[in-house]
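Asks: curious how this folds, go ahead:
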Amino acid sequence: MADMTDQTITRIEGRLKVTGSAVFAGETPADGLLHGALVEASIASGRVIDVDLSAARQVAGFVDAISYADAEALKPSAVTALIRERTVHFRGQPVVLVVAASPAAARAAARAVRVSYETAAAVTSIDAALEKAYEPAMASRYPARSKRGDAQAALQAAHLVVRNRYETAVNNHHPMEPHAVVCSWSGEKVTVHTCTQAVFGTRAAIAHKGVSVWLKADFEVLMKRVKRLNA
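Replies: Got it, this is the predicted structure:
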């Protein structure tokens, strides 16, 4: 077997990335571009009572904000669940989207938003929720229950069985760009530049009928090919 340890593998995009020359989806230029920033829930469980935008509106560059109050009319679905409901399922859940003229203004306005909550007890361990555990019928698009063969019979009939515990080191992901999306409108067509790995799923979510009704516009979604994805 050839020794591969002393061979260097050249990545065709390596120089672009390490020199900062690579252009990612979030850096796509667009005329009149506005920027969004999320206000995330500061509690782990509960309900949003009120969203106060008065201080955010005073931030230079503030344009608008969207919360449950604007989206409650949306048809309930997996796509619209978080933006249209008051219930807080986890700390860090997006509760308001702030739009501004620059990324800095969007972040500053998001920090100025004041959200009032009604807190509830949070389930923070598996043991605390075992009594409510259930077996779902589906896992994504596939049946949750999947069984092939007889594992116990195979183990009993095996000539040799190795039982051990193996642990792997922590593996942290450090993408070179955040998840970002740039949308540009031209009549009834919106062109989307994003770093998603689920192109068709993302397109379906953006073109969701409930969203188009909410925006009072029918539109066609064009997903652009992304040359580079995160790392």
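Asks: all contacts plus neighbour counts: C-alpha atoms, from now on.
Replies: Fine.
Asks: quick check: phi and psi at the residue sitting furthest away from the middle of the chain.
Replies: Taking Cα atoms, centre = their mean, the residue of the chain most remote from its mean C-alpha position is residue 159, at 47.2 Å. Main-chain torsions, residue 159, degrees, to the nearest 10: phi -70, psi -30.
Asks: what residue is smack in the middle of the chain?
Replies: residue 179 (7.5 Å).
Asks: wait, doesn't that residue sit right on residue 196?
Replies: Yes: counting by Cα atoms under 8 Å, residue 196 is a contact partner of residue 179 at 7.5 Å.
Asks: would you map the strands across this structure?
Replies: 35-40, 46-52, 62-67, 87-88, 94-100, 114-119, 138-139, 142-143, 181-186, 189-194, 220-223 (DSSP state E).
Asks: what packs against the longest helix seen in the chain?
Replies: Criterion DSSP state H: the longest helix present in the chain is helix 103-112. On a contact count with 3 or more Cα pairs under 8 Å, 6 or more residues apart in numbering; DSSP states H and E, helix 103-112 meets strand 35-40, strand 62-67, strand 94-100.
Asks: what's the local residue count around residue 198?
Replies: 8 (other Cα atoms under 10 Å).
Asks: check residue 105 too.
Replies: Residue 105: 22 neighbours (other Cα under 10 Å).
Asks: ok, and the closest non-adjacent residue to it?
Replies: Leaving out its chain neighbours, the residue that sits closest to residue 105 by Cα to Cα, 6 or more residues apart in numbering is residue 61, at 5.7 Å.
Asks: and the one you found, what does it touch?
Replies: Residues near residue 61 by Cα atoms under 8 Å, 6 or more residues apart in numbering: 100, 101, 102, 105, 106.
Asks: 10 Å instead?
Replies: For residue 61, the contacting residues are 34, 99, 100, 101, 102, 103, 104, 105, 106, 108, 109, by Cα atoms under 10 Å, 6 or more residues apart in numbering.
Asks: what pLDDT is listed against the residue farthest from the centre of the chain?
Replies: For residue 159, the pLDDT comes out at 95.
Asks: check contacts around residue 33.
Replies: Counting by Cα under 10 Å, 6+ apart, residue 33 touches 100, 101, 102, 182, 183, 184.
Asks: so which of those residues is the most crowded?
Replies: Going by other Cα under 10 Å, residue 100 tops these with 25 neighbours.
Asks: isn't that one right next to residue 66, touching?
Replies: No: applying Cα atoms under 10 Å as the test, residue 100 and residue 66 come out as separate, 11.8 Å apart.
Asks: kindly report the domain assignment for the protein.
Replies: 30-122, 176-231 (automatic domain parsing).
Asks: pick the most buried one from those domains.
Replies: domain 30-122 (a mean of 17; mean count of other Cα atoms under 10 Å).
Asks: quick one: least confident helix or strand in this protein?
Replies: Scoring the helices and strands of the chain by mean pLDDT, DSSP states H and E places helix 209-215 at the bottom, with a mean of 53.
Asks: on that earlier part again, distance to residue 116 and pLDDT added to the contacts of residue 61, as CSV?
Replies: Output for the contacts of residue 61, formatted as CSV (distance: Cα to Cα, whole Å; pLDDT from 0 to 100):
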residue, distance to residue 116, pLDDT
34, 27, 94
99, 20, 95
100, 22, 97
101, 26, 96
102, 26, 95
103, 25, 93
104, 24, 97
105, 22, 98
106, 20, 97
108, 19, 98
109, 17, 98
